[in-house]
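Provide a 3D model corresponding to the input given below.
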Amino acid sequence: MLAEERKPDALDAFRVARRWFMSGRRIEMQELAAELRVNRATLFRWVGGRDDLLGEILWSLAEPALAAAVKASDGNGAERITGAIGRFAAAVDQADFLRQFVRREPERALRILTTRAGTLQSRLLASIETLLKEEVSQGNLHPPLPLRDLGYLIVRIVESFLYAEFITGEEPDIAMAELAVGALLGRRDPETD
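Got it, this is the predicted structure:
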């Protein structure tokens, strides 16, 4: 696991926990401390509580997925944002490790993913707000609401359709999430024009 000559640190704890998470393994702080050969107090000092660590792991996976989705999106304004959000939501929906986490620990997962209890939602909101600002500054988007509110609604729309199974008992519907975000942004559907 670790080189014999060096002691583990917070980054090692994060890397091991992230690897476990991505393999579908539940992160238990006692097991992680034992793997690193440190006591629980040291581990908690390094990474905070279990929810804090899970939030950091989730953001480390979400941030590059969102960046890739934005990069892969064509057009500008509402078209670009809608495409990016649709690609991002699809990537999240297809992540087996995330699906396993949400099914294994639905209350904890939804709290970390969709509330202010963790840092994930605020970071995602900030990233989407930045994307909106880029399009507004280039004159490609004329938002119907303040950007912070618009970003918040986009996040909530995606969460509503992505985690529908746990909210309403229905199947996730990523295509509908993309359509709803497009409607909010005033995206014109070329099929209906």
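
in stretch 88-107, what's buried?
88-93, 95, 97-102 (16 or more other CB atoms under 10 Å). Just so you know, the C-beta spots here come from the backbone N, C-alpha and C atoms, and that holds for glycine as well.

what's the straight distance from one end of that stretch to the other?
22 Å (CA to CA, to the nearest Å).

ok now that stretch, how far from the chain's centre?
10 Å (CA atoms, centre = their mean, to the nearest Å).

What of stretch 168-177?
With CA atoms, centre = their mean, you get 17 Å for stretch 168-177.

Endpoint to endpoint, that stretch covers what distance?
First-to-last residue span, stretch 168-177, CA to CA: 15 Å.

Mind pulling up the pLDDT for residue 86?
Looking at residue 86, its pLDDT reads 96.

which residues touch it?
By CB atoms under 8 Å, 6 or more residues apart in numbering, residue 86 lies in contact with 69, 174, 175, 177, 178, 181.

name the element the residue lying closest to the fourth one once chain neighbours are set aside belongs to?
Right, residue 177. In space, and not counting its chain neighbours, residue 177 is closest to residue 161: 3.6 Å by CB to CB, 6 or more residues apart in numbering. In the assignment (DSSP states H and E), residue 161 maps to helix 147-162.

Show the average pLDDT along that helix.
Helix 147-162 comes out at a mean pLDDT of 95.

Please consider this matter closed, and thank you.
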